[in-house]
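> Need a 3D model of the sequence below.
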Amino acid sequence: MNVTIRKIGNSEGIIIPKEVLERMGLKAGDTFELKESSGSIELVPEQEDFGEQLEAARRGMKKYHVALKELAK
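Numbers count the residues shown, from 1 in each chain. Okay, the predicted model is just below:
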């Protein structure tokens, strides 16, 4: 399937066909991880629990920033 990069406001993007979104169970607002390798681009849907894990890690790093700073020495 071919898609074209289009101007969208001050950015550029691609339009993902509705049929593909339906098959993948995706909708507007879903987030992706963009991976580049060997001249290819791969879009991987972000896992919902990953966002929660990332937020928990941020809270832990903030809470224990002094200890982490000392350990980094």
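
> what stretches of this protein score poorly on pLDDT?
Segments of the chain classed as low confidence (criterion: pLDDT under 70) are 48.

> Mind jotting down where the strands sit in it?
6-8, 11-13, 32-37, 40-45 (DSSP state E).

> Quick one: closest of these to Leu26.
strand 40-45 (6.4 Å; CB to CB). The C-beta positions use only the backbone N, C-alpha and C, and glycine is treated the same way.

> and the angle from the closest one to strand 32-37?
160 degrees (axes from the mean of the first three to the mean of the last three CA atoms, to 10 degrees).

> before we move on, back to that, which stretch among the strands of the chain comes nearest Glu19?
Here strand 40-45 is closest among the strands of the chain (CB to CB), at 15.9 Å.

> Which elements pack onto the longest helix seen in the chain?
The residue-count maximum for a helix in the chain (DSSP state H) belongs to helix 48-63. Of the remaining helices and strands, none touches helix 48-63 by 3 or more CB pairs under 8 Å, 6 or more residues apart in numbering; DSSP states H and E.

> quick one, that helix and strand 32-37 angle?
Angle between the axes of helix 48-63 and strand 32-37 is 90 degrees (criterion: the same axes, to 10 degrees).

> Going forward, count from 7.
Right, with 7 as the first residue, what we last looked at is helix 54-69.

> Quick one: distance of helix 54-69 to the chain centre.
The chain centre lies 15 Å from the centre of helix 54-69; the measure is CA atoms, centre = their mean, to the nearest Å.

> quick revisit: could I get the strands of the chain as CSV with distance to Leu77?
Listed next are the strands of the chain as CSV, based on distance: least, CB to CB, whole Å:
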stretch, distance to Leu77
strand 12-14, 44
strand 17-19, 40
strand 38-43, 28
strand 46-51, 32
